[in-house]
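1. Next come a sequence and a model predicted from it.
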Amino acid sequence: MTTAEKALPLWGLEGAEVTLIAARENTVYRLDHPAGKFALRLHRARYRTDAQLTAELDWMAWVSQSGLSVPTPRMSLSGSHLQIVDGIQVDVLGWLEGSTLDRSLLEMGAAARELTFETLGRNMAKLHIASDAWPGAADSARPVWDANGLVGDAPLWDRFWDNPALSNGQRDLLLAFREKARSDLAALAPSLDFGLIHADLVPGNVMVQGPQLHLIDFDDGGFGFRLFEIATALLKNLTLPDFDTLKSALISGYHAERQLDMTHLDLFLALRAVTYVGWNISRTNEDKTGARNARFIRDAEALAVSYLERHPGFG
């Protein structure tokens, strides 16, 4: 019997049809049961503590109750969102239908694309409003995407300047950007909006179902700069021909619900880009061609150069 099958009785889901959906960061199964459709997650080993995962699930439950469409954690029969089966952390979430944003955009006309990004901006603002109101926020054991988490000695997503594919020149550039970013963040941090963020609202983590958007995969959610959230949602869309329109729509949607100073967005676009150079260090074996790593480095290099050229002084 598989771990997923062993977990079913803990949620009263015996007899569910179990279908593997994804086997990447976490292993995810779809459960089809008379009680409904669910997602069962087997969490990767040693990535999050039990306390961190419990906080994530409690946070998602609060956000769901606040009116946003996110995967709703299902309580196990013992009254806990999280269970351990075969030494693996397991949880069950409500299933959400839809297509990922990147795929959906290919089928949309210009007006629909713009409206979708406006809706995404509204949902991001609502997420921040709900998160600020969550009573459990102060005690939640979630990662911290602050200056140390981004450009400290041990960033959350690894030391990007140590990526083995970097040339000497590229490494020197990213180190120069790191020092500049550390200096600028030290000067800016007291005035920047900081709180719980999803931290990974890339197109693959936004599901489109008609006019509704679902925000999924809170795995990396934690405390961070709200501008980092905006940058994350925008970065992988930079090459779209209508990027400027989509960016304006997202910001307009956000501001319709909540205000946020976008003055330093270019810093956070560069910070988001370099995090991927670090993230890929331990995952280079997933792409034998090296194309993904090369793309991450190329994007980080371009945005770092742009930032350094536009902000030679400051911090």
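-> Here it is on my side, so go on.
2. contacts, neighbours, all on C-alpha from now
-> Will do.
3. Strands along the stretch 151-300 of the chain, start to end?
-> Taking DSSP state E, counting those that start in this stretch, the strands of the stretch 151-300 of the chain run over residues 194-197, 206-209, 212-215, 222-225.
4. Can you add mean neighbour count and give the ones you listed back as TSV?
-> Below are those laid out as TSV (neighbours: other C-alpha atoms under 10 Å):
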stretch	mean neighbour count
strand 194-197	22
strand 206-209	20
strand 212-215	20
strand 222-225	22
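5. With distance to residue 130 and mean pLDDT as added columns, please give those strands in TSV.
-> Listed next are those as TSV, based on distance: least, C-alpha to C-alpha, whole Å; pLDDT from 0 to 100:
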stretch	distance to residue 130	mean pLDDT
strand 194-197	9	98
strand 206-209	18	98
strand 212-215	14	98
strand 222-225	14	98
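6. For residue 84, find the nearest of those.
-> strand 222-225 (22.6 Å; C-alpha to C-alpha).
7. neighbouring strands for that closest one, and are they parallel or not?
-> When pairing is defined by DSSP bridges, strand 222-225 lines up against strand 144-145 (parallel), strand 194-197 (antiparallel).
8. Residues in contact with the longest one: which ones?
-> Around strand 194-197, the neighbours that count as contacts under C-alpha atoms under 8 Å, 6 or more residues apart in numbering are 127-128, 131-132, 137, 221-226, 229.
9. Could you chop the chain up by domain?
-> For the chain, the structural domains run 3-94, 99-310, going by automatic domain parsing.
10. Between the two ends of the first one, how far is it?
-> Across its full length, domain 3-94 reaches 19 Å between end residues, using C-alpha to C-alpha, to the nearest Å.
11. Let the chain start at 37 from now.
-> Sounds good: first residue 37 from here, last item domain 39-130.
12. Just the mean pLDDT for it, thanks.
-> Averaged over domain 39-130, pLDDT sits at 95.
13. ok now it, how far from the chain's centre?
-> Relative to its chain's centre, domain 39-130 lies at 18 Å (C-alpha atoms, centre = their mean, to the nearest Å).
14. Where do the helices of the stretch 187-336 of the chain begin and end?
-> 204-224, 262-271, 279-293, 301-315, 327-346 (DSSP state H, counting those that start in this stretch).
15. Now mean neighbour count and distance to residue 110 too, for these, in TSV please.
-> Formatted as TSV, the helices of the stretch 187-336 of the chain follow (neighbours: other C-alpha atoms under 10 Å; distance: least, C-alpha to C-alpha, whole Å):
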stretch	mean neighbour count	distance to residue 110
helix 204-224	17	39
helix 262-271	24	27
helix 279-293	19	29
helix 301-315	23	30
helix 327-346	17	35
